[in-house]
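1. this one's structure only:
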């Protein structure tokens with residue numbers, strides 16, 4: 001029999017250990033219960049990354065029935081037998097950074113009073129849009145196909161798929177080789193080293209509760225860190241900006257990175273524009289054969305939305321920012337001229353977003369991310385809704 005001395009011993013240690021163990025077990029149970037509850041209350045797909053698989057034509061897609069995605073791997077609750085409106089596009093249409101309900105296709109569905117099937121994914125571009133129009137979209141027999149074109153990277157995505165994926169090599173210019181030999185502007189951005197990075201990455205991949213806390217609480221610390229870095233960086237690379245009238249409305253721009261994806265002096269961007277135009281013509285032809293209406297949705301970069309106010313209110317206007325504003329404007333005018341000539345319906349949501357800036361609304365995140373928040377997605381949805389009422393009254 002082990003006796004306990006007045007200074008303590010095994011029995012004393014055990015008595016101290018039991019409460020600590022109970023606290024640990026109780027905490028673990030509470031966390032697991034909390035995880036279970038939030039998975040019931042919210043859509044896990046709004047917070048957990050989905051499983052990506054390869055696809056010979058699309059390059060990549062989301063695995064069927066992956067977290068928060070339907071049987072086709074798209075961001076919908078289910079795949080309908082038929083739907084009147086389908087939206088295809090990249091992460092701007094997918095709704096990266098917002099819940100499924102806050103994405104512009106979902107907000108548009110509310111305005112229309114009928115479902116809008118979201119057939120978008122980050123990293124897609126005009127050639128993926130063509131493939132989806134030719135194969136996936138037509139199976140749902142839509143009346144209207146909305147094609148979300150994002151100026152920020154769709155040109156480079158069109159180029160990369162044509163030159164890196166053998167399925168699309170016929171879209172190359174005659175005699176052109178692969179992407180590896182062509183010029184890119186590379187913008188290096190300092191990223192702070194994460195503490196407990198492996199654990200945090202695992203939690204981000206697997207815990208809805210952690211991801212919710214991360215998105216609503218921990219993200220504030222990330223904003224502060226990115227703002228600190230941006231204030232020390234070359235403004236051609238990163239530029240921290242706040243609304244002069246309402247300073248709490250703020251964001252961080254990355255003009256040189258955006259410019260590198262659309263500068264027509266770069267062969268990759270110029271070639272991407274050629275491929276994009278050809279893809280739009282093919283989509284228009286395919287939808288016409290199927291008796292489907294089509295409308296291109298022109299979505300601007302965050303930098304383009306704020307060009308005018310930044311030029312007016314900032315003490316400095318970086319050269320890359322000014323050049324980006326001009327380049328994106330020229331590409332938009334060129335593309336609109338092409339769409340008009342091809343009689344392809346379109347809507348420019350950029351004008352509505354620029355008109356919203358004086359209202360001091362936080363349309364984009366406070367950090368470098370260029371994806372619209374719920375308020376910005378709402379501007380896009382309402383602009384498309386108005387265009388649909390004008391151009392396709394039968395869909396009201």
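-> That came in fine, so what should we check first? This structure is a prediction, so every number in the text was calculated from the model and none was measured. Numbering: from 1, shown residues only.

2. list the contacts for residue 265?
-> By Cβ atoms under 8 Å, 6 or more residues apart in numbering, the contact set of residue 265 is empty. Every C-beta, even on glycine, is put in place using the N, C-alpha and C of the backbone.

3. And for residue 241?
-> Applying Cβ under 8 Å, 6+ apart, one finds that residue 241 lies in contact with 250-253, 306, 310, 314.

4. buried sites along stretch 275-282?
-> Within stretch 275-282, the residues that qualify as buried are 275-280, 282, counting by 16 or more other Cβ atoms under 10 Å.

5. average pLDDT across it?
-> Regarding stretch 275-282, the rounded mean pLDDT is 98.

6. Could you take the contacts of residue 241 and lay them out as JSON lines, with extra columns for neighbour count?
-> Written out in JSON lines, the entries for the contacts of residue 241 read as follows (neighbours: other Cβ atoms under 10 Å):
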{"residue": "250", "neighbour count": "17"}
{"residue": "251", "neighbour count": "25"}
{"residue": "252", "neighbour count": "23"}
{"residue": "253", "neighbour count": "27"}
{"residue": "306", "neighbour count": "24"}
{"residue": "310", "neighbour count": "21"}
{"residue": "314", "neighbour count": "16"}
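
7. Which one among these sits at the bottom for pLDDT?
-> Comparing pLDDT over the contacts of residue 241 singles out residue 314 as the least confident position, at 85.

8. With adjacent residues omitted, what lies nearest to that residue?
-> Across the structure, with Cβ to Cβ, 6 or more residues apart in numbering as the measure, the residue nearest residue 314 apart from its sequence neighbours is residue 241 (6.7 Å).

9. From the buried residues of stretch 275-282, which land in helices?
-> Judged by DSSP state H, these include 275-280, 282 as members of helices.

10. Tell me the one of the residues you listed nearest residue 373?
-> Using Cβ to Cβ, residue 276 comes nearest to residue 373 of these, at 26.7 Å.

11. any idea how far residue 351 is from the residue lying closest to the closest one once chain neighbours are set aside?
-> Distances taken as Cβ to Cβ, 6+ apart place residue 126 nearest to residue 276, at 4.5 Å, with adjacent residues excluded. In this structure, residue 126 lies at 22 Å from residue 351, with Cβ to Cβ, to the nearest Å as the measure.

12. got it, and residue 230?
-> In this view, residue 230 and residue 351 are 28 Å apart by Cβ to Cβ.

13. again, but for residue 245
-> When distance is defined by Cβ to Cβ, residue 245 is 21 Å away from residue 351.

14. Who has more neighbours out of those two?
-> In this comparison of residue 245 against residue 351, neighbours counted by other Cβ atoms under 10 Å, the higher total goes to residue 351 at 13 against 10.

15. which element is the more buried one on?
-> Per DSSP states H and E: residue 351 is located in helix 350-356.

16. same check, this time on residue 72
-> With DSSP H and E as the criterion, residue 72 is inside neither a helix nor a strand.

17. ok, it touching residue 79?
-> Yes. Contact between residue 72 and residue 79 holds when scored by Cβ atoms under 8 Å: they sit 5.4 Å apart.

18. Mind listing the shared neighbours of the two?
-> Counting by Cβ under 8 Å, 6+ apart, residue 72 and residue 79 have no common neighbour.

19. How about the residue nearest the centre of the chain: what's its closest non-neighbour residue?
-> The residue lying closest to the centre of the chain (Cα atoms, centre = their mean) is residue 91, at 3.0 Å. Excluding the flanking residues, the one nearest residue 91 by Cβ to Cβ, 6+ apart is residue 122, at 3.3 Å.

20. quick one: contacts for residue 280?
-> If a contact means Cβ under 8 Å, 6+ apart, then residue 280 has 126, 147, 296, 338-339, 342, 344 as its contacts.

21. meant to ask about residue 43, not that
-> With Cβ under 8 Å, 6+ apart as the criterion, the residues that contact residue 43 are 68, 99-100.

22. Try it again at 10 Å.
-> Counting by Cβ atoms under 10 Å, 6 or more residues apart in numbering, residue 43 makes contact with 67-68, 75, 77, 99-101, 208.
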